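Participant: What would the 3D arrangement of this be:
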Amino acid sequence: MDYIVRAVAADQQIRAFAATTKDMVETARRYHNTSPVATAALGRLLTAGAMMGAMMKGEKDLLTLQIKGDGPIGGLTVTADSAANVKGYVHNPGVYLPATEKGKLDVGGAVGRGILSVIRDLGMKEPYIGQSNLQTGEIGDDLTYYFAVSEQVPSSVGLGVLLERSRDAQDLAEIGQVRQAGGFIIQLMPYTSDEIIDRLEQKLAKVRPVTAMLDDGMSPETILEELLGEFGLEITETIPTHYHCDCSRERIERALISLGKKELEEMIADGEPIEVNCQFCDKKYQVSVEELRELLNLARK
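Facilitator: This is a model prediction of the structure:
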């Protein structure tokens, strides 16, 4: 079962989140039929979105993470609510790149350089939008930079997705299902002492990759214990997290109405039913010409 733990340490000078998200990322892989590098990129952003969603307090608060890069993956979008329900998609799910020199999936090469946007809809008149330039395209580094420059919160973000690989697989294109996925976010409060900051920086400089810790059987709790145990770690909450798409025929109809009368009239004039695909779960909705006429009448009101 996927879940997130929330914790504090160093007399609440540090707050932290850690997650295991294997099922979530595997669900996304199956929905979108993503290539290995696209699975890794989307899985990292989904994991971050789940933890950042859990940071929000309002029941109806919504978070959107968008990455637009100049790499072949094109971009990624993830949305999450405060209950850590999350969904997402990648613009080019079939992108393939050779491994890096270290034999790793080249997420940075797939994403490239561009912009990371964080959009929080907290029920105000306008959503809060923060942006920063992508630093490496590896997503964890980019979110670490975003928190520092856009929200002025010193942070460390670790994200990882490990895929199964059959013994006879010849290259990365033959990697299969998600074996491990998860991550952590560690943040310093404004009143954190210099001594704690120095000790934490030394600790994080030696941290192993998230996937290595998960593959060794570590849980979100034991990952945080390894990172923050010496600072007096206190787990405060455990939150289930899921890949959850809330698309419906009603939402699809509202989206069609929002296109406007001219677009609907052109669809009706074609005389053919249309098919609308949900970007988040690939569910297909058939809309007949008669149903389009009904939507046009609603659009005219």
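
Participant: For the residue nearest the centre of the chain, report the pLDDT, please.
Facilitator: Ranked by distance to the mean C-alpha position of the chain (Cα atoms, centre = their mean), the top residue is Leu46 at 2.2 Å. The confidence metric pLDDT takes the value 98 at Leu46.

Participant: where's it relative to Glu291, distance?
Facilitator: Plainly put, Leu46 is 33 Å away from Glu291 if you go by Cβ to Cβ, to the nearest Å. C-betas here are computed from N, CA, C, even on glycine.

Participant: Contact partners for the residue nearest to the centre of the chain?
Facilitator: Neighbour list for Leu46: Thr21, Met24, Val25, Ala28, Val78, Val86, Gly88, Tyr243 [criterion: Cβ atoms under 8 Å, 6 or more residues apart in numbering].

Participant: quick one: it is in a helix?
Facilitator: Yes - with the criterion set as DSSP: H, G, I helix; E, B strand; the rest coil, the secondary structure at Leu46 is a helix.

Participant: Okay, it and Ser156: tell me how far apart.
Facilitator: In this structure, Leu46 lies at 19 Å from Ser156, with Cβ to Cβ as the measure.

Participant: got it, and Ser288?
Facilitator: When distance is defined by Cβ to Cβ, Ser288 is 52 Å away from Ser156.

Participant: Of the two, which one has the most company?
Facilitator: More crowded of Ser288 and Ser156, by other Cβ atoms under 10 Å: Ser156, with 20 against 11.

Participant: Where does that one sit, in terms of helix or strand?
Facilitator: Mapping Ser156 onto the secondary structure by DSSP states H and E places it in strand 155-165.

Participant: Check which element follows that strand along the chain.
Facilitator: With elements assigned by DSSP H and E, the helix or strand that comes after strand 155-165 is strand 175-188.

Participant: can you state the direction angle for that next one and strand 155-165?
Facilitator: Counting by axes from the mean of the first three to the mean of the last three Cα atoms, to 10 degrees, strand 175-188 lies at 170 degrees to strand 155-165.

Participant: And the average pLDDT for strand 175-188 is what?
Facilitator: 92.

Participant: mind saving the C-alpha coords of it as CSV?
Facilitator: The C-alpha coordinates for strand 175-188 follow below in CSV (Å, rounded to 0.1, in the frame of the first residue of the first chain):
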residue,chain,number,x,y,z
ILE,A,175,12.6,-2.7,-18.7
GLY,A,176,9.1,-3.5,-17.4
GLN,A,177,7.0,-2.8,-14.3
VAL,A,178,7.7,-0.5,-11.5
ARG,A,179,9.8,-2.2,-8.8
GLN,A,180,10.2,0.6,-6.4
ALA,A,181,9.1,4.3,-6.2
GLY,A,182,9.1,6.9,-3.5
GLY,A,183,10.8,10.0,-2.2
PHE,A,184,11.3,12.5,0.6
ILE,A,185,11.0,16.2,1.2
ILE,A,186,13.0,17.7,4.1
GLN,A,187,12.4,21.4,4.9
LEU,A,188,14.0,23.9,7.4
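
Participant: Can you list the strands that that strand pairs with?
Facilitator: According to DSSP bridges, strand 175-188 has the following sheet partners: strand 14-20 (antiparallel), strand 155-165 (antiparallel).

Participant: That strand: which residues count as buried?
Facilitator: By 16 or more other Cβ atoms under 10 Å, the buried positions in strand 175-188 come out as Ile175, Val178, Arg179, Gln180, Ala181, Gly182, Gly183, Phe184, Ile185, Ile186, Gln187, Leu188.

Participant: Dump these into a markdown table; add distance to Glu265 as well.
Facilitator: Supplementary listing: those in a markdown table, determined by distance: Cβ to Cβ, whole Å:
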| residue | distance to Glu265 |
| --- | --- |
| Ile175 | 47 |
| Val178 | 45 |
| Arg179 | 50 |
| Gln180 | 51 |
| Ala181 | 46 |
| Gly182 | 49 |
| Gly183 | 47 |
| Phe184 | 52 |
| Ile185 | 48 |
| Ile186 | 54 |
| Gln187 | 51 |
| Leu188 | 56 |
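
Participant: Wait, Phe17 touches Gly182, no?
Facilitator: No - using Cβ atoms under 8 Å, Phe17 is not in contact with Gly182; the gap is 10.7 Å.

Participant: and Ile252, how many residues sit next to it?
Facilitator: Considering only other Cβ under 10 Å, Ile252 is surrounded by 17 other residues.

Participant: Doesn't it belong to a helix?
Facilitator: Yes - applying three-state DSSP, one finds Ile252 inside a helix.

Participant: Look up how far Thr241 lies from the nearest residue to Asp61 once chain neighbours are set aside.
Facilitator: Spatial nearest neighbour of Asp61, chain neighbours left out: Ser82 (4.7 Å); criterion: Cβ to Cβ, 6 or more residues apart in numbering. With the distance defined as Cβ to Cβ, Ser82 ends up 11 Å from Thr241.
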